[in-house]
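J.: model this:
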Amino acid sequence: MADRIKMGIILYEEGALLPESLCFESEGYSNGWRLVKNLDAYGLDRKIREAGWTFFYLAGETKASVFGLGGEKAVRRAVNKLIACMNSDKLNSLEITQVAAKRFMGLPYVTVSAHPRHIQKSMFLSYDERVAKCDRAESVVV
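T.: So this is what the prediction gives:
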């Protein structure tokens, strides 16, 4: 099983707006996303709150499964599927909640589960451009 991706790991989008005072180690992972090193979700949440920002936890777990042995390659493919979901929702981070190697009819596969997270300055969630467009459209009508 891959050592880099495990329960509690946070991935965030490169170029995501972060507080200037926020300092933590990270490394490139995949498709413009970075892996937070030496901090779990609770530690990162604490640092973000100390900077006066909000680290949203969104309900609804997302899962991705890929066939293959439980090595780093299979886990990376599953994480890439999760990242694709995060990009479509305009969210800038995710928390890995489970990595499991299983078998179905003798075929090995890996399932990675994650919760969407979002880092932003405001305490009111506003991650979707469609919401901003709707707000502008309503203000024009009024």
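J.: just the CA coordinates of the lengthiest helix in the chain, formatted as CSV?
T.: Counting by DSSP state H, the longest helix found in the chain is helix 72-89. Coordinates of each C-alpha in helix 72-89 appear next as CSV, following Å, rounded to 0.1, in the frame of the first residue of the first chain:
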residue,chain,number,x,y,z
GLU,A,72,1.3,3.8,-5.5
LYS,A,73,0.3,3.7,-9.2
ALA,A,74,-3.2,2.4,-8.4
VAL,A,75,-3.7,4.9,-5.5
ARG,A,76,-2.5,7.8,-7.7
ARG,A,77,-5.0,6.9,-10.4
ALA,A,78,-7.8,6.8,-7.8
VAL,A,79,-6.7,10.1,-6.3
ASN,A,80,-6.7,11.6,-9.8
LYS,A,81,-10.3,10.6,-10.2
LEU,A,82,-11.1,12.3,-7.0
ILE,A,83,-9.2,15.4,-8.1
ALA,A,84,-11.3,15.5,-11.3
CYS,A,85,-14.4,15.7,-9.1
MET,A,86,-12.9,18.4,-7.0
ASN,A,87,-12.0,20.5,-10.1
SER,A,88,-15.6,20.2,-11.4
ASP,A,89,-17.0,21.5,-8.0
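J.: which stretches in the chain count as helices?
T.: 41-50, 72-89, 129-141.
J.: residues touching residue 8, list them.
T.: Shown in contact with residue 8 (C-beta atoms under 8 Å, 6 or more residues apart in numbering): 40, 41, 95, 96. For glycine as for every other residue, the C-beta is placed from the backbone atoms N, C-alpha and C.
J.: just the buried residues of those.
T.: 41, 95, 96 (16 or more other C-beta atoms under 10 Å).
J.: in a markdown table, list those residues along with distance to residue 118 and pLDDT.
T.: Shown next, in a markdown table, are the buried ones among the contacts of residue 8 (distance: C-beta to C-beta, whole Å; pLDDT from 0 to 100):
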| residue | distance to residue 118 | pLDDT |
| --- | --- | --- |
| 41 | 13 | 89 |
| 95 | 11 | 94 |
| 96 | 16 | 95 |
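J.: turn these into TSV, columns for distance to residue 24.
T.: Listed next are the buried ones among the contacts of residue 8 as TSV, based on distance: C-beta to C-beta, whole Å:
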residue	distance to residue 24
41	12
95	15
96	16
